[in-house]
Every structure is written in structure tokens, then in C-alpha cells.
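Student: coordinates only, sequence not included:
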């Protein structure tokens, strides 16, 4: 009922993207292009303002005739929803201005995900809008649906945290595993590092290569800890090791935790299936996932298994970093905040990869 | 008028795929999955019969609960359209049987594209159903729309020929270029070779490698020649050199021909834009294309340019080999044969790649 | 002294390879090709016998004029050293015969690395030559140099175990870490799966994809456990999760263990540097390694670091799976067994990759 | 005789590299590292001066303890040979200074390969040292061995021209083909574009993508034309289309030309084998080459075949762009200029790729 009611009143959503020239911004453009119920007023991009979108992303034929606008012009047109996809440290300067013209602001970056002290410790600079942090809602629909529905400022989760939190939360909440000594290995495709001119991200450096980075110091560490601590009331302790591997899209996360109960593997799988409702974008797999299962979709696929000879639970969790890890999840948040079904426009635009 | 009329009577199309476990078959499944106007009766696959489709292609969630059926069972259920995606030499044995139960048969392989003598010369074995060759219509919608509309047997074009013919045809028909001494270099992703166990197609052999193959002897040579000769009435003479390059999807074709008229580059581009109607899946680009412009779509993107210092016309033509080069074009043919707009269900399922 | 003495008497080593057509066999051919002190009598390969080696591996120009011979003919010519590179389950049938004609046999496969009960449990078939297992020496030069020097049968280590054991051994022996709850994540290039016709290893399946496999059941699990238990006298307990990632060569292993002492990171690094002699093919790095640092070389590069906020030690260990993980290590073993410096002919043939 | 005499007097060659931090510079470092007869005085690199070489290229273990020096300091130490590997437009400023301290200067860039008018037309800026152009020798050993031996300034060929000229020259000189209407398609790995921060060269843009570029305007066009015109006395006319493909190393060139004589394929192959002496780094292959045949080596592999149905000759020519296309050829030129066998230190450092 209510959903349909909201759907009606929101049926002409107006939206703006600030920072629409990066990969996540382009995915937002792609996902919004076919939405008959959303009118995109601005695809703003500081350095690309005035360029045709299709000149930067020729594949974006569906939006091809429009141009990137300036951030200044975007700030002049009130909208229902403003998406922000800017480097961390920039969003916090623009979000206060956007809140004056937008009913809801969804920030795809890291500026509004952490308490101020953790933000300043991990991001390395002072926060310019700490007064907004208390009201920012962490936009993971599977745990914060109702808060998202009424939020003015939504902090869209990071890509690694999305894959990690969705995999750990059921086991932690049900007390299957110890909150300590958790080991998280994540492998990321290169679009996760954004679209930028950087020798270290050049093809010749990445191809035929692997490297771990930011061990124990990645800015997603406090994000994972904060969300899981808040959700479970437990003090989580873990090591997170991200690795860059030579592919474009996707995150493959393999997590080890110590079992703290004598639950069976079937009971664990069953608990995970209960935890996530039928219409969620979380799929509990019976076999070891391969990354392509989710590439191009908004799904997180999770496989949970007890190690055959040790007392460890192994959780494998995969997402497309640009969709469930960024733009798709932002669309979910827009849908919820506008009273639409959370999956509106997402399953239809799945770009499943059979090869 | 007629289109709408046909649309109505065909609005509950029944379809069967024979050979649904290869990459093109999987793309067909993907493209048909969201069609509310098409009911897929069988996804038949000899070696995978009885397996869940989603066990072979986990990404095919939308059709995940159904199983591959046997070819025998598919032959028992009459349908409006039967797609055949079998290795060359196998389709010709099953097509006669399918014609008894299907209103139209669309063969994605090479068995019905050539006159019998060329078939036997290039495919290396006798043809089992030569009596059907005269009625087979070459399913390139841009040149054969009306014949496709009334065809019983449609020979879906090969991937290389699709990219080549669409690029050459306007220039040949308008007399811009000589039909002789044409040089065609094509680069193909590896899905073009199908889904099979083959050392030469293993990752370790293909990665960081390039090789040309079947120079002058590829089975697509007589296909290109036959179609262009029939369409233009000229005797075409060309060299076709296909190369395998390390990526999954797409064909990048670079063609050189000798200019035979003093036409300007702008006039040529204009002639190409006239040749292909506005709603066609052919896009005339103003700049040198990059392959990603068409990956995941049914588009062929063509750029035509005069060489700055020689008397040569250069045509670059790119497609996604699994879509415009196979399954997407087959859907176009089904649409036309069933009286639907040729683009039905194709633009909506574009999986454009921003990265 | 002794080394030089042995060097002289071994200075005309005769060798044979049985199973020379796989990737490791080809690396053996490459590494032996420039050895003036080694005469290769046979490059035997059952299915390729009679073919020119350069027709299978065109890059092997240096040995290009010779042909693969049959296994039968190889068994007729006595040699100083026989290398065996056959699928597990095949080597155990040929090794007894080779021991009659070869002074030493170096098996690159898994048939002689485990006690019989573990072999039969993990490899899934009975052992055909269990009487040879007691005398087989595990060919990891860094821990078994002297036994290798006098061995008749050398079991060359697996690729994953090489990267894992070299990383864990110093910390375990020095008591820095608990032998329990160790978590090992390994990422492997695709040549690790050998050269074979297998859909799952085809380019189109591997590219843009990642998958873990054989969690807790990989045949390298008991190998790692047996070697570490023997070397440390402790009961090791660990989870080992191998992953396939889309690149050709290299293993990237990331290990977590619980610190059991208050040692500093500098002390740990120092202990590792002491553990491995200056001329070893183990390099202790001060920064997080990238895989290319070792590609094409016989080096294992190890970085050891304490997690900044948890009580965990993180060990990253990288090798080229075909060199230190197979053929290079086999050459090391040959060198030692023949009284040569262990590094003979290895540093000279390093194929370091600047790009 | 003479060779040995020269070898003796040159046996302690001193060398300097200016611009040693790019990929070709790193290959020079790698190739020189094992040369007992060459003492490298400076590995100069403006932006990396003071850094350890192994911090930029960890694989360069063999030279790992030394640091990049400044260009200024390099100019203070007289040497036998100075290599210059700088962007075009920079080398012409430093070469006159290097000629004062170096017996021979080998420029790996494009500044000294063209007559001044063509240089200024294609490189887009005036030449700063036109007075040096007349004495610069084009450093393609297969055609200019004797001039290289006595040159003071050697212009090392471009990567594309190396693959193209070696393939075309024998057929042109013997009159097998028409010098007009030649079509050259080249596919290049990404290291050919150098080591730089550039969005268009980032992994996410290059991977799963192909694009042609600079059609008819590439700066290698006048280089190919000038060298072939000078060598044959004929007016060459051709179209050259370079493409970027997603792999690190190698150039795959496919050339079509019109046959102008009734020579057989065997006679052509025989003429090519005669043209290149036995010890040359040019290999005439009997089958269609795959790129890996030459990766890591200084070889150019050429296959020549008549098209089966047209009057065209097809020449396929492959090289490793960083070796025969840059650093390896520079070493060849140094060897020749110092009276050494042209292949000194090159075959030994081949890094043939079996996978």
C-alpha cells in the first residue's frame, strides 16, 4: 500500500549528479537513463563541464546528447535527490550547499561515513562539516532501510565495506563466530581506484601483476568496524588486506573467523537466507562463487562454509564494485528515500555477463 | 499499420533454443529472459540436458530455475520460432526437423549461409540438406528486412561478415570504392571461438599473445563475398585476415579500399548516414571508434575516412561478436519475422560498458 | 672445497626430462638450454613424441632443432639426472623405472611428497610405489640442502607450498607465532593449472573473473602440514584458500598468524634475514611486494609485518610458480645433487620483467 | 679477425644512459647488467635522480644498489657510448652536449631519424639541432651495419618502423611487390606508449578494449617512408594504421602489398632467408607467427605468404617493442659501433616465454 502511495507522489523524481565524470558517476548516468520516473536535471562535473557526455563515455549513447554542466549551475536548481561522487575531502564542502537545494543528498564518497575523530585519523585532514555527521545515515539498505527512508543525508557505503559487512553481519548477530581475530582478504578490480591519470594504475603496471596495499591502514577499516560495532554491540577486531588484481570490475572478499558455536553448515546457510529477505540484492550461494556471477548486477553473492578440519568459518562475498559497491546501491538508497521499491530500475538494468 | 497488426497477433511468441549452452545461446537466454511477449519453451542442449541453466551460467539468475532440456523433447513442442546454435555441420541435420515444428527457424551457425559448392569447399564436408539452401534468407536486417519478414529459414550472419558487410556495402553500392584489392584486417575477442575445451584457447596461451589465422581460407570469406556480390552485382576481391587478441568480446575490423571517385569525406559520411535508417543498429561515428563503444550492445559503429596522403578509403567497423554478431542479430530477425519492430527488447537490454 | 670437487666430477651432467611438453617441462628446457655443463639426452613426451620442440613452443629457439622423444627411448639411456613432470598418478609408475637408469630422479609432481595415507586420501587413488616414499627427500633447498645432496629420489615441492613454507618457517621455528589458527590466502596465475584442454581454464572463462577453489581439500594442504610439522615439531593448524586470478604466472600468498611473543617488526625481519643465507633465492623485502618483482626469476620475496592494531603477523610471499614453484627449484635440486652451487645457471637465466 | 681486434680494444666499454627510468631505459639497464665488458657510469633520470633504481623497478635486482643520477652529473663523465631515451623534443637539446663527452651517442627517440622538414611537420615543433641530422645514421643493423660501425650519432629506429621495414625491404628490393597501395596494420602492446600518468593508458580504459589511432598522421609514417625510399630508390606509398591492444609487450604487423612478379611463395621465402644473414635477429617463419614467439627476445619473426585467391603478398612481422623495437636494437648498435659482434650479450639475455 504505502509503497504504492509513495511511488505515486514521487513519481516524477528530479535528480542531480555532482561529479558525474568518474566511473561511478557514469554508472549512475547509465542506471538513471532508462528511468521514466526520474528526471536528471544536472550531470555536473567540474573539469568536464561543457563537454558532451558521450565524448567522455561513448557507450552512454542513451544520454548522449546532453552535456556535463558546472557544479555552480547544479546548485541553482532544486531537486528531490542529489548524488555526490567526488574525491574524499571535496564532498564535505559541497554537501552543505546541496542540502539547501535537495530533498536528500546521497554521497558516494567517504566524507560522511565515520565519526569525526576516525575520519580525521584515516583520511588525514580535518572535517569541514562535522555538524552534519550525526544525521548522516549509513546507506546499506539491508541494515538501515527505515532510517534511509527518512534521511536527509545518506552516506553510501564503500565498496570493500559492502562486501565485508554483508558477509559478516548475520554470523556476528547470531553469535556463530567470535568477533576477534577475523581475517579479511579482498581482491579488487582496478575501476575501484577511480578514473585518474596515475602511473601505478596504468595498464603496463597492473597487467600480469598483483599487489596488496594499505595493510591495516585503509580508510575502509574504521568504516567496517564502526558499522559492525554499531550493529552488533560487539567490539570487532580484524585485519583487512586489500589487493589489486588485473581485471576491471568486482570485489572478491574471503573472510576467516573462529566459530564460537557448534552450529552446522546447513544451519548457518539457513540463518543467512533468513537474514536477507527474498527481494534483497543478497544471494546465498551453495557453491564457491566466481566473480562473474555478479559482474554487471547489484547483487552481493555470499557463500558460507565451515573449514573441514579447523574451527573456522569461511565467508566468501562478491560484488560489482561499481554497482552494489557504488552506483547501484546509491540508486537503491534513492528508491527507498523516495518511497519506491528498493529494487526499482535495478534488475531491469542488470548487465549479466555470460562471457 | 502492418507492424502493429503483426505485433498483436504475435504478441505471445513461443520460442525454443537448440544449443543453448554456448556463449551465443546464453546471450539468447539473457536477451529473451525479460521479454514478456516471448515464452521460451525449451533451452535445449545435448550435453547439458538436465542441468540447471544457472549451474552452467550463474549470471543467468533470471532464468535460473529452469533446466536445459534434451533436443528430442524440444522437437516435440511446436513453436513460433526456433533458434539453432550448433557447430557447423550439426545444424543442417536438425534444421529440417525443426522446420516441421517451428514457424520460423533462425540458424546462428554457418550451415545455411552459402551456396552448396562454397559450403562444401570451405566447411570441408558435404551438405546434408542442400534442398533448403535456396529458401534460406541471409539474416542481415539492414539489407534483407523484407525477405526476413516472410522467411521460414533465416541464416543469421557470421560475426566477422556482419562487421565487414555493414562497413563496405554503402561505399560499394554508391561506387565510392573499387571492388578489387580490398584489404580487411579483423581483430576478434576470444568468445568468438566459442565455449570449448581447447589448449589453444586456454588463458595461458591467449593472454599476452596475438595471432592471425586462416588467412584467405576462413569460412567467412565466401560468406562476405557472396553477400556483397549479390547486393552490389560487382565481383568483389579482397583479402581477409582475422586475428585473435586477448579480450573476451568484440570485433574490430579495419578495411582499406581504393577510392574510385572524387567524393569528399563529408559526402561519404553523409551517404553512410542515409544508407542506414535512424532506427538502425548502425551508428556512423565521427571519430576513430574504440571497441568498448559497442560492447554489450547490438550496435555496429562505423567510421569512414579518407587516408590523408593516399587514394585509400579506410572503414573501421566494430561490433560485439555475441550480440550484433550473433544473439542480438538473431533477436532482430525474430522480431522482424514476427512482425515486431526490429529493435524490440534489444535497446532495453543493452549492457553498455562505462568501464 | 667439496663443492668444487663435486663440480669437477659432475661437470658433464647428463639429463633426461620425462614429460617435457607441459609448461614446467618447457621451463626446464629453457633453463637447461644454455647450460654448457649439462647434456640433455631426452626431452620425452608421450603425446608429442616425434614433434619438433619448437613447433610446440616456438619461443624455444635455442633447442629448436631437436624433437620430443618417446618415454620408452628415454628409459634406454642412463643419465645422471632424470626430471619427471607428469600428472600426479602417472609419475609413480615411471619413477621406479627411471631409478634404474638415473643417478637421481627429481619428480616435479606430487607423487612422492606425502606419507602414503595422506597421499591416498588427498589424491584419491592408491600409491603404486609406496616402498619408495621413505627415501624420497622433499626438495626445498632452503631446509633440506644436505639431504638433497645425497638423495636418489627428490620430490620437488608444489608451487603453493613453496610460497607458504618459506614464509612461515622462520616465524614458527623462532616461536614468533602460534602454530594454530593460521590463515593462508593464495592467488595463482593460470599456468599453475598446467597446459590442458579445459573449458574452465579457457580465456573467456578466466578473464575478468576470480574464483576460489578446493577450500580445505587442496592436495597441497597435507604437503604444507607435513613439511612444517616435520621441520618444527609442532602441530600446525591452518586454513588454505587458493584463488585463480587472471594472469599467467606467479603466486601471491598472504598469511595471517597470531603473534605469540612481543618481538618487534625489526627483530622479525632480522630473524628472517638470518634464516636465509645471503646466496639463497629468498629475498626479505622492506615493503609490500608486487608480483612482478619475482616474475621470471627463481626468487621468493617475503615481506613480514605486524598488523598495526591487532595481534597478528602478516606474511606476504611471492614466487613465479613455474620457476621457484617448479622448474627453477628442480634445477636447484639438480645442482645440489650434483655438487654444484645451488644457483648455477639460474641467476644467469633470470628473465626479470621491467614491464 | 677484425672483430676480435676491436673486441679487445673495446673490451672495457664505458656507457651512460640519459633517461633511464622509462621502460626502454629499464630494459637497457637489464641488458647491460650482465655485461662484463661494459661499465655503466650513469643511469641518469631527471625526475628520479637520487632514487634507488630498485625502488622504481624492483625486478632490477642485479643493479639494485645503485641510484639514478642527474643528467648534469652524467654530462661530466666522458664515456664510450651514451644512450638517450627521452621524449621526442628533449633529446635534441641534450645530444649536442653528449657528443662532447661520448664517443658515440645512440638516441632511442625520434629526434634524429628524419630530414628536418619532415621532423617539423610530423613532430610539430622546430628542430633544435638540425646541423646534426646529416651525420645521424639510422640504426637498423640489418641495412646499415657499416655506417653504424663508424657513426658518431646513431638514430635508433622506432618500434613500428622496425617491424615494417624488415618485412617490406626484401620484397621491395627484389621487385616482388609494387611500392604503391601498401596497407600496413600494426597492433601494439601498451608499453609502446611509455611509462606515464595518462587516463587513456590506465588499465580500466585499455583492458577489454581496442582502438586505432593517428591514422595516416603517426610520426612513424615519414620514418618508414624515408628509410624505404632511401634503401630502394622507389617512391613508396602506403597507409599505416596503428592499433592499441590490451597486452604489455609486442608489435604484430600485418602488411598487404600487390604482387608485381610471378614469383612463387617458396622463392619469396628463400629470398628473405638470403637477405638476412644466418646470425641476424630476423627469423623467417614457415607458419603464421604468434606474438609470444618473440616476446622477451631481440628477434623479428617474419612470415611471407601469397594470398590464395588474390594477387596480394601478405607479410606478417612481429617484434618485442622494448627489445628489437628499442633497447635490444640499441645494444646491437652499441656492439657494432664498438667493434663487437652485433649479438653480444643479447642471445644470452633472451627471456623467452614458454607461457
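Tutor: On my side now, so go ahead. Model, not experiment: these values are computed from the prediction.
Student: could you pull out the strands for the stretch 1-150 of chain A?
Tutor: A:13-18, A:38-44, A:79-84, A:102-107, A:137-138 (DSSP state E, counting those that start in this stretch).
Student: hmm, the second one touching chain B?
Tutor: No. Residues of strand A:38-44 are not located near chain B by C-beta under 8 Å from any C-beta of the partner chain, the shortest gap being 12.6 Å. Using the backbone N, CA and C atoms, a C-beta is placed for each residue, glycine as well.
Student: Write out the residues of the stretch 101-250 of chain A neighbouring chain D.
Tutor: Checking the stretch 101-250 of chain A against chain D by C-beta under 8 Å from any C-beta, the hits are A:190-191, A:195-199, A:201-208, A:246-248.
Student: mind checking how far residue A:287 is from residue C:189?
Tutor: 23 Å (C-beta to C-beta, to the nearest Å).
Student: Between those two, tell me which one has more neighbours.
Tutor: Counted by other C-beta atoms under 10 Å in any protein chain shown, residue A:287 and residue C:189 do not tie: residue C:189 has more neighbours, with 29 against 12.
Student: Centre-most residue in chain A?
Tutor: By C-alpha atoms, centre = their mean, chain A has its centre lying nearest to residue A:325, at 3.2 Å.
Student: Does that one touch residue A:158 like I think?
Tutor: Yes. Using C-beta atoms under 8 Å, residue A:325 is in contact with residue A:158, at 7.4 Å.
Student: What are the boundaries of the helices in chain A?
Tutor: A:2-9, A:23-33, A:53-56, A:71-74, A:91-101, A:116-123, A:141-149, A:159-173, A:203-206, A:220-232, A:265-275, A:328-337 (DSSP state H).
Student: Include mean pLDDT, mean neighbour count and distance to residue B:26 when you put those helices into JSON lines, please.
Tutor: Shown next, in JSON lines, are the helices of chain A (pLDDT from 0 to 100; neighbours: other C-beta atoms under 10 Å in any protein chain shown; distance: least, C-beta to C-beta, whole Å):
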{"stretch": "helix A:2-9", "mean pLDDT": "35", "mean neighbour count": "11", "distance to residue B:26": "34"}
{"stretch": "helix A:23-33", "mean pLDDT": "92", "mean neighbour count": "26", "distance to residue B:26": "22"}
{"stretch": "helix A:53-56", "mean pLDDT": "88", "mean neighbour count": "18", "distance to residue B:26": "29"}
{"stretch": "helix A:71-74", "mean pLDDT": "96", "mean neighbour count": "17", "distance to residue B:26": "41"}
{"stretch": "helix A:91-101", "mean pLDDT": "97", "mean neighbour count": "19", "distance to residue B:26": "40"}
{"stretch": "helix A:116-123", "mean pLDDT": "97", "mean neighbour count": "16", "distance to residue B:26": "43"}
{"stretch": "helix A:141-149", "mean pLDDT": "96", "mean neighbour count": "17", "distance to residue B:26": "29"}
{"stretch": "helix A:159-173", "mean pLDDT": "98", "mean neighbour count": "25", "distance to residue B:26": "26"}
{"stretch": "helix A:203-206", "mean pLDDT": "96", "mean neighbour count": "26", "distance to residue B:26": "28"}
{"stretch": "helix A:220-232", "mean pLDDT": "97", "mean neighbour count": "20", "distance to residue B:26": "34"}
{"stretch": "helix A:265-275", "mean pLDDT": "96", "mean neighbour count": "15", "distance to residue B:26": "27"}
{"stretch": "helix A:328-337", "mean pLDDT": "98", "mean neighbour count": "28", "distance to residue B:26": "22"}
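Student: mind giving me TSV with these and columns for distance to residue D:255?
Tutor: Below are the helices of chain A laid out as TSV (distance: least, C-beta to C-beta, whole Å):
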stretch	distance to residue D:255
helix A:2-9	62
helix A:23-33	38
helix A:53-56	33
helix A:71-74	50
helix A:91-101	53
helix A:116-123	54
helix A:141-149	57
helix A:159-173	46
helix A:203-206	26
helix A:220-232	51
helix A:265-275	59
helix A:328-337	47
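Student: number of nearby residues for the closest residue to chain B within the stretch 151-300 of chain A?
Tutor: Here the stretch 151-300 of chain A gets closest to chain B at one residue, residue A:293, 4.0 Å apart by C-beta to the nearest C-beta. Per other C-beta under 10 Å, the neighbour tally for residue A:293 reads 25.
Student: Is it in contact with residue B:57, as I believe?
Tutor: No. The criterion here is C-beta under 8 Å, and residue A:293 misses it with residue B:57 at 9.1 Å.
Student: Could you report the distance from residue A:301 to residue A:315?
Tutor: 11 Å.
Student: List the residues that contact residue A:225.
Tutor: A:236, A:238 (C-beta atoms under 8 Å, 6 or more residues apart in numbering or on different chains).
Student: 10 Å instead, please
Tutor: Contact analysis of residue A:225 by C-beta atoms under 10 Å, 6 or more residues apart in numbering or on different chains lists A:114, A:118, A:161, A:235-238, A:240, C:309.
Student: Please apply the same query to residue A:154.
Tutor: With contact taken as C-beta under 10 Å, 6+ apart, residue A:154 is in contact with A:81, A:83, A:104-108, A:112, A:136-140, A:144, A:147-148, A:329-330, A:333-334, A:336-337.
Student: quick revisit: pull out the buried members of the residues of the stretch 101-250 of chain A next to chain D.
Tutor: Neighbour counting by 16 or more other C-beta atoms under 10 Å in any protein chain shown classes A:190-191, A:195, A:201-208, A:246-248 among these as buried.
Student: Out of those residues, which two sit at the greatest distance?
Tutor: A:195 and A:208 (21.8 Å; C-beta to C-beta).
Student: on that earlier part again, shared neighbours, residue A:325 and residue A:158?
Tutor: Contact with both residue A:325 and residue A:158 is made by residues A:108, A:192, according to C-beta under 10 Å, 6+ apart.
Student: domains of chain A?
Tutor: Using automatic domain parsing, the domains assigned to chain A come out as A:2-156+A:324-337, A:160-320.
Student: pLDDT wise, what is the residue nearest to the residue of the stretch 151-300 of chain A closest to chain B when sequence neighbours are not counted at?
Tutor: Leaving out its chain neighbours, the residue that sits closest to residue A:293 by C-beta to C-beta, 6 or more residues apart in numbering or on different chains is residue B:58, at 4.0 Å. On pLDDT, residue B:58 comes in at 79.
Student: Residues of the stretch 251-355 of chain A that sit close to chain C?
Tutor: Residues of the stretch 251-355 of chain A lying close to chain C by C-beta under 10 Å from any C-beta of the partner chain are A:251-252, A:254-258, A:287-293, A:295, A:303, A:305-314, A:316, A:318, A:353-355.
Student: which of those count as buried?
Tutor: A:251-252, A:254-258, A:288-293, A:295, A:303, A:305-307, A:310-314, A:316, A:318, A:353-355.
Student: give the contact list for residue A:170.
Tutor: By C-beta under 10 Å, 6+ apart, residue A:170 lies in contact with A:142, A:176-177, A:268, A:271-276, A:282, A:284, A:302, A:304, A:315.
Student: residue ranges with poor pLDDT in the stretch 201-350 of chain A?
Tutor: By pLDDT under 70, the low-scoring segments of the stretch 201-350 of chain A are A:348-350.
Student: that older thread, need the domains of chain A in JSON lines with distance to residue D:262, can you?
Tutor: Output for those, formatted as JSON lines (distance: least, C-beta to C-beta, whole Å):
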{"stretch": "domain A:2-156+A:324-337", "distance to residue D:262": "47"}
{"stretch": "domain A:160-320", "distance to residue D:262": "46"}
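Student: if we compare the ones you listed, which one ends up closest to residue B:17?
Tutor: Here domain A:160-320 is closest among the domains of chain A (C-beta to C-beta), at 21.1 Å.
Student: How far away from the center of its chain is the closest one?
Tutor: On the basis of C-alpha atoms, centre = their mean, to the nearest Å, domain A:160-320 sits 13 Å off its chain's mean C-alpha point.
Student: before we move on, what about stretch A:130-142?
Tutor: In terms of C-alpha atoms, centre = their mean, the centre of stretch A:130-142 is set 14 Å apart from its chain centre.
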